[in-house]
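Novice: What follows is a predicted structure for the sequence shown.
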Amino acid sequence: MRIRALVIRIIRQFLHDRRTLALLIVAPLLVLTLMYLVFNGDAYRPRIGVLDLPTAIADRLRETDASVKSYETKAAAEGALAAQDIDALLRIEDGTLLIKLEGSEPSRNRAVLLAIPQALQGLDKAAGGDSQSPASPFAGQTPEIEYLHGGADMTSFDSLSPVLIGFFAFFFVFLIAGVSFLRERTSGTLERLLATPLHRWEIVVGYMMGFGIFTCLQAMLIAGYAIGALGSLMVGSFGLVVLIMLLLSLNALSFGVLLSTYANSEFQMIQFIPIVIVPQVFFSGLFDLETLSPWLRWIANITPLKYGADALKSVMIRGEGWSSIALDVYVLAGLTLLFMAANVWALRKHRKI
Amino acid sequence: MTEQEACIRTRAVYRRFEKKEVLHGIDLEVKRHEIFGLLGPSGSGKTTLVKLVAGIDEATSGEVDVLGTRMPKLSMMKRIGYMAQSDAMYEELTAKENLEFFGALFGLHGGRLKQRIEAVMELVQLKEALTRPVGAYSGGMKRRLSLAIALMHEPELLILDEPTVGIDPVLRKSIWDELGRLSQQGTTILVTTHVMDEAEKCHRLGMIREGRLIAVGTPEALKQETGSASLEEAFLYYGGVRS
């Protein structure tokens, strides 16, 4: 009864405050779309300049993705490289093939270094493969490529999107729930709530349920949009994706409310973002952590976002079922309950009973 | 004063925050149906004391009894109406939605809820603004609505912390007239103020200074006892500043 009153109030607040509702729903979709546009572009075509090269090599190079430009003099070629008109310069010096890279953009370096050996390999084959030792039965044979998960046409957006949708569900809910609860305290309405027969746990549960309705809506919209409209790779069950998203946002909800206890203003709430949100992004799987030192990698185990992102990747990219995400789900649910209990306890500061 | 007559009874109440002691042994008795005023400058501990009575805060030591029950107790919240210094309402909601929410927290619903909303809004003369968002209210209107919310569940004890701050004299008078009517109907009212002319309207007064209750009595008795023409003089007298 009292919890229902709280839930109804939160719904009404949202309906009156359309802007906050928009931030919760529209903002993640907008950012997701931008990410899609940025990461789903076609593969980069390196621009390679050639100088005094045998035409066979230049022709082979033209057959790859690279765009090739021939230069007459070394000065013109070096100038083009300096002006970033080309990403690399290929020439022969003292009988060896020399690649000079512009070098300031790692992704372009990689594209160049991928294209050139490709071209040279083709050259060997064209020449009859007689430079290779005939002892190997696989000589000159192109291997067949198979994928356990994903596929040749998987883009970086496909691999990032499970982490991204989890992050957006987490971030926006954290911010809105935190600020709402903070306002409850600074405006004095929390004190007024505590002057009613409302139990402390009822306040926390009411908040979780009231906001839960909107986060549920948000979770389905974000997941549906990423998969349906943006065509993110999705081989698992949509229901599981929504379940993980929902748990992740409920976790953000309880976490945001808890942290708001330690903030005295909206501004201080914003200050939590670089401290507790941004590090989670680094450990969530957006970047490969294999090369990180083990003790630092261990931090990932205490960030809720990591469990959500892991589970989302399992379902969306690898199509795994309940058994492989069960642990992540239990951890997320457990952390949420822990945060809720901490919330109830933190409210003691305002009323002991 | 017998158990029957006392609405509020505190014995040797101390309240300490971290290192600072705000209340130093308050012994106070408030009779049923009376309007009891706590008069004192800001920072004297009035708000701390009424919060203890309202059951939001707990005394470091000492006893606080309300209507014969040891505070704080959650079940007593239904019998107490508390209006804090800040207006404490949801600005994006309409007055009606605010009233419905707080009414529901006190267990009001259906026809009874509607009836109470009508009654309290009539009382604070805000019926026309019922469906307006509170954010669009003026300061005085917010104060009245805040009072209306505290009256929703017809509390036996009404605690008002500086209820008429920022309210014009006409409205202030109408609120005090209303408090008079409520007390006639049997509501006990504990009100804090630092305005002397408001203190005159209380049945009895407690003067509080630096966390100590320095005098208790009717406004007339306090003036008479000190031979003062005004409560302000009386306050100075009890505060140890004798002219």
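Specialist: Right, received. Where do you want to start?
Novice: per-residue confidence at the residue in the stretch 51-200 of chain A that chain B sits nearest to?
Specialist: Closest approach between the stretch 51-200 of chain A and chain B, counting by C-beta to the nearest C-beta: A:Gly188, at 3.4 Å. All C-beta atoms are positioned from the backbone trio N, CA, C, and that covers glycine. We have a pLDDT of 91 for A:Gly188.
Novice: Please apply the same query to A:Leu240.
Specialist: 93.
Novice: Please apply the same query to the one 10 residues further on.
Specialist: Listed pLDDT for A:Leu250 reads 94.
Novice: Now do the contacts for it.
Specialist: A:208, A:212, A:215, A:336 (C-beta atoms under 8 Å, 6 or more residues apart in numbering or on different chains).
Novice: Need the max-distance pair from the residues you listed.
Specialist: Pairwise distances across the contacts of A:Leu250 peak at 11.6 Å for A:Thr215 and A:Thr336 (criterion: C-beta to C-beta).
Novice: what is in contact with these two at once?
Specialist: A:250, A:253.
Novice: Could you check which of the two is surrounded by more residues?
Specialist: Neighbour count, other C-beta atoms under 10 Å in any protein chain shown: between A:Thr215 and A:Thr336, A:Thr215 has more, with 27 against 21.
Novice: List the contacts of that one.
Specialist: A:24, A:169, A:173, A:246, A:249-250, A:252-253.
Novice: repeat that with 10 Å
Specialist: A:Thr215 makes contact with A:24, A:169-170, A:172-173, A:176-177, A:208, A:245-253, according to C-beta atoms under 10 Å, 6 or more residues apart in numbering or on different chains.
Novice: quick revisit: can you tell me which of the contacts of A:Leu250 lies closest to chain B?
Specialist: Closest approach to chain B among the contacts of A:Leu250 (C-beta to the nearest C-beta): A:Met208, at 17.2 Å.
Novice: close to chain A, is stretch B:43-62?
Specialist: Yes. Using C-beta under 10 Å from any C-beta of the partner chain, we find that stretch B:43-62 touches chain A at B:51, B:54-58.
Novice: just these now: which is nearest A:Ile277?
Specialist: Taking C-beta to C-beta as the measure, A:Ile277 lies nearest B:Ile56 of these, at 33.0 Å.
Novice: Now for the closest one, how many residues are close by?
Specialist: 23.
Novice: Please identify which helix or strand holds it.
Specialist: Following DSSP states H and E, there is no helix or strand that holds B:Ile56.
Novice: Please tell me I have it right and it contacts A:Glu191.
Specialist: Yes. Assessed by C-beta atoms under 10 Å, B:Ile56 is found in contact with A:Glu191 at 6.4 Å.
Novice: so what's in contact with these two at the same time?
Specialist: A:350-351, B:82, B:84.
Novice: May I ask which of those residues has the most neighbours?
Specialist: Comparing the shared contacts of B:Ile56 and A:Glu191 on neighbour count, B:Tyr82 comes out first with 26 neighbours (neighbours: other C-beta under 10 Å).
Novice: and the helix or strand hosting that one, which residues are buried?
Specialist: Assigned by DSSP H and E, B:Tyr82 belongs to strand B:80-83. Neighbour counts over strand B:80-83 (16 or more other C-beta atoms under 10 Å in any protein chain shown) mark B:80-83 as buried.
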